[in-house]
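>>> What follows is a predicted protein model with its sequence.
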Amino acid sequence: MNSGTRLVPPIQGISDVMKKVLPILTLLISVLTVDTVVAQEASPFEIRRLSFNMSGYSDISPVMTQEGIFFCSDRRLSAVTDRTSFDNRRLYNIYYVAQKEGDSDWGRPVPVKSDRTAQFNTGPLCIAPDGKTVYFTSEIETGVPSRSRKFRNHSGIFSAQLSGTQLVSIEAFKYNGTDYDMGQPSISDDGRFLYFASDMPGGFGGSDIWFCEWIDGDWSAPVNLGAEINSTATDNFPCIHSSGRLYFSSTRQGGAGGLDVYYSDMIDGDWTAPLRLQAPVNSSSDDFAFVAMPDLKKGYFASNRRRNDDIYEFTMTIVRKADCDMLEFNNYCYEFIEENAVKYDTIPFKYEWRFGDGHTAVGRIVEHCYEGPGRYLVQLDVTNLVTNEVKTDQKSQLLIIEAVEQPYISCPDYAETGEMLKFSADSTNLPGWDISQYYWSFDDETIGMGRNVMKTFTRPGTYNVQRIVSTKAGEGGMVREACVTRSITIRKKE
């Protein structure tokens, strides 16, 4: 790859130092073309339905472990054992399924039983950092009133100890209530915060996301996450990621349909405005119970896009190149020096430069910026100011200017959150390349496809944008690829 603008060797008499001045940063403004797309429309996800889902039943709320997944299902416990509530609703139970070696398939789900299994729902759940303490959802009332078809039972949160495939030492959460529901718990990696969904008084909508904090050996009173997270619709299925990011589902306006998965980050003590995940994670159906590995490259969620609730695996397809060249800004500015003038400093001369592009300048040392690459004949006329004798073309040199051979990224250096930005590859200079794909990786879990893309950043910070170009397959199926990167700083909009 060309490292910069190339010069032919200078002719003696015109400076041996026909040199570049410091690069001048310019904003390249490209004309909007038909291949301009919105970057967030390109999806960074691929999904697949997991093999252990059971047709005709609902499987939801995956929880990851090193060896497998806990999840909830209303399937039959066995070929001869079915479970329904006193009002004939199917009951959910917790199951565990191990992943086979090679991550290619799954084993047979095994029920996790407790003294509630026969007559009440158990799950969704979360597992505390100790790997033994479990928080799960179940009915509050288990006595005689719960056996009446007319009785309106409420869900609450319970803790238990996980012993093999048994839940033992079950205890009710101190903030359960008989006139509201609580459930779908998710605990932070340090065990300090317990997030959950509830329609308890003090919320904004049908159900809200709340949290309790572990302080001095006990859980604090529930705190609503506020209007930045919660809406006037239904907000539920929280999952606090190891990074501190909060995923949850919502039926708020602007979604794709039903429940959609959103996420928010805590920045400087405040939750950012929730963002909806792209398709195919979200669909026109209910999509919920999203969980992700620490590196966010893989995870699971539930969806009823095939009528019943099923668990899906997602993989992040975002490409980030470890070996990516820094963008070199094309510099077409030069300094021209007539060094022989010092030999005749007792005689006044006038030095007039003709740069070969219609522009001129006067002086022993001059600077000039060309508009772009090309072949320019630089000429020097010298006038003796004593005799007025003019010597035209006293010196001349053919200056060949070439653009750096590289993919190119045109964008501003600075912008504000929420500002619509154009990223352009129109100035790409790769002679002989038959480019078939322009791929943009924005360092914020979004990608773009196309030569020109429109993009907004929602979080302040400095982002290392990569653009990867690929050619059509040539002889022998060989594909050429090049990557270039530049940074953009996003400031919070005041």
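Thanks, I have the structure now. Numbering: from 1, shown residues only.
>>> how much distance is there from stretch 233-240 to the middle of the chain?
Offset of stretch 233-240 from its chain centre (C-alpha atoms, centre = their mean, to the nearest Å): 20 Å.
>>> where in the protein is pLDDT low?
Within the chain, the segments meeting pLDDT under 70 span 1-41, 77-88, 102-104, 142-151, 341-346.
>>> quick one, domains of it?
The chain breaks down into these domains under automatic domain parsing: 19-23+331-401, 36-42+406-491, 45-316.
>>> Quick one, which of those gets closest to residue 324.
domain 36-42+406-491 (3.9 Å; C-beta to C-beta). Where you see a C-beta, it was placed from the backbone N, CA and C, and this is true even at glycine.
>>> Quick one: distance of the closest one to the chain centre.
On the basis of C-alpha atoms, centre = their mean, domain 36-42+406-491 sits 14 Å off its chain's mean C-alpha point.
>>> and what of stretch 264-281?
Worked out by C-alpha atoms, centre = their mean, stretch 264-281 lies 10 Å from the chain centre.
>>> Of all the residues in it, which ones are buried?
Judged by neighbour count using 16 or more other C-beta atoms under 10 Å, the buried positions of stretch 264-281 are 264-265, 271-272, 274-278, 281.
>>> same question, stretch 121-133
121-128, 133.
>>> Ok, stretch 306-323 next?
Residues 308-314, 316, 318, 321 are the ones in stretch 306-323 that count as buried (16+ other C-beta under 10 Å).
>>> same deal with stretch 112-122?
Neighbour counts over stretch 112-122 (16+ other C-beta under 10 Å) mark 112-114, 116-117, 120-122 as buried.
>>> What distance do you get for residue 166 to residue 228?
Going from residue 166 to residue 228 by C-beta to C-beta, to the nearest Å gives 40 Å.
>>> give me every residue that touches residue 112.
By C-beta atoms under 8 Å, 6 or more residues apart in numbering, residue 112 lies in contact with 70, 93-96, 122, 162, 165-167.
>>> Tell me the one among the residues you listed nearest to residue 394.
Nearest member of the contacts of residue 112 to residue 394, counting by C-beta to C-beta, is residue 70, at 85.6 Å.
>>> what residues are up against the closest one?
Each residue near residue 70 by C-beta under 8 Å, 6+ apart is listed here: 62-63, 94-96, 112, 125, 127.
>>> got the contact list for the residue nearest the centre of the chain?
Against the mean C-alpha coordinate of the chain, by C-alpha atoms, centre = their mean, the closest residue is residue 445 at 1.2 Å. Residues counted as contacts of residue 445 (C-beta under 8 Å, 6+ apart) are 44, 296, 316, 318.
>>> Quick check, the third one in contact with residue 45.
Yes - under the criterion of C-beta atoms under 8 Å, residue 316 makes contact with residue 45 at 6.5 Å.
>>> what's across from residue 311 in the sheet?
residue 302 (DSSP bridges).
>>> What is the neighbour count of residue 65?
If you count neighbours by other C-beta atoms under 10 Å, residue 65 ends up with 12.
>>> let me fix that: residue 474
Neighbours of residue 474 under the rule other C-beta under 10 Å: 10.
>>> roughly how far is stretch 240-248 from the heart of the chain?
The answer for stretch 240-248 is 14 Å, by C-alpha atoms, centre = their mean.
>>> In it, which residues are buried?
Residues of stretch 240-248 classed as buried: 240-241, 246-248 (neighbour count, 16+ other C-beta under 10 Å).
>>> What is the nearest of those to residue 364?
The nearest one, if we look at those relative to residue 364 and count by C-beta to C-beta, is residue 241, at 64.6 Å.
>>> wait, the closest one sits on residue 264?
No - using C-beta under 8 Å, residue 241 makes no contact with residue 264, being 10.6 Å away.
>>> What are the contacting residues of the host helix or strand of residue 238?
Applying DSSP states H and E as the criterion places residue 238 in strand 235-240. By C-beta under 8 Å, 6+ apart, the residues outside strand 235-240 that reach it are 61, 124, 184, 186-189, 193, 195-197, 205, 207-209, 229, 246-250, 252, 259, 288-292.
>>> taking those one by one, which sit in strands?
61, 184, 186-187, 193, 195-197, 208-209, 246-250, 288-292 (DSSP state E).
>>> wait, which of the contacts of residue 112 is closest to residue 349?
Of the contacts of residue 112, the one sitting nearest to residue 349 (C-beta to C-beta) turns out to be residue 70, at 88.0 Å.
>>> can you pull up the bridge partners for the closest one?
Applying DSSP bridges, one finds that residue 70 bridges with residue 63, residue 96.
>>> Begin at 846, not 1, for the rest of this chat.
From this message on, residue numbering opens at 846, which makes the last subject residue 915.
>>> Residue 941 versus that one, what's the distance?
5 Å.
>>> just to revisit the earlier point, redo the buried residues of stretch 1109-1126 as a markdown table? Include distance to residue 1065 and secondary structure.
Converted to a markdown table, these look like this (distance: C-beta to C-beta, whole Å; DSSP: H, G, I helix; E, B strand; the rest coil):
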| residue | distance to residue 1065 | secondary structure |
| --- | --- | --- |
| 1109 | 21 | strand |
| 1110 | 23 | coil |
| 1116 | 18 | strand |
| 1117 | 24 | coil |
| 1119 | 24 | coil |
| 1120 | 28 | strand |
| 1121 | 30 | strand |
| 1122 | 30 | coil |
| 1123 | 36 | coil |
| 1126 | 33 | coil |
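>>> TSV for these, including distance to residue 1327?
Shown next, in TSV, are those (distance: C-beta to C-beta, whole Å):
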residue	distance to residue 1327
1109	36
1110	32
1116	39
1117	34
1119	36
1120	31
1121	33
1122	30
1123	26
1126	31
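>>> Who are the contact partners of residue 1110?
Contacts of residue 1110 were listed using C-beta under 8 Å, 6+ apart, and they are 1088-1091, 1116-1117, 1304.
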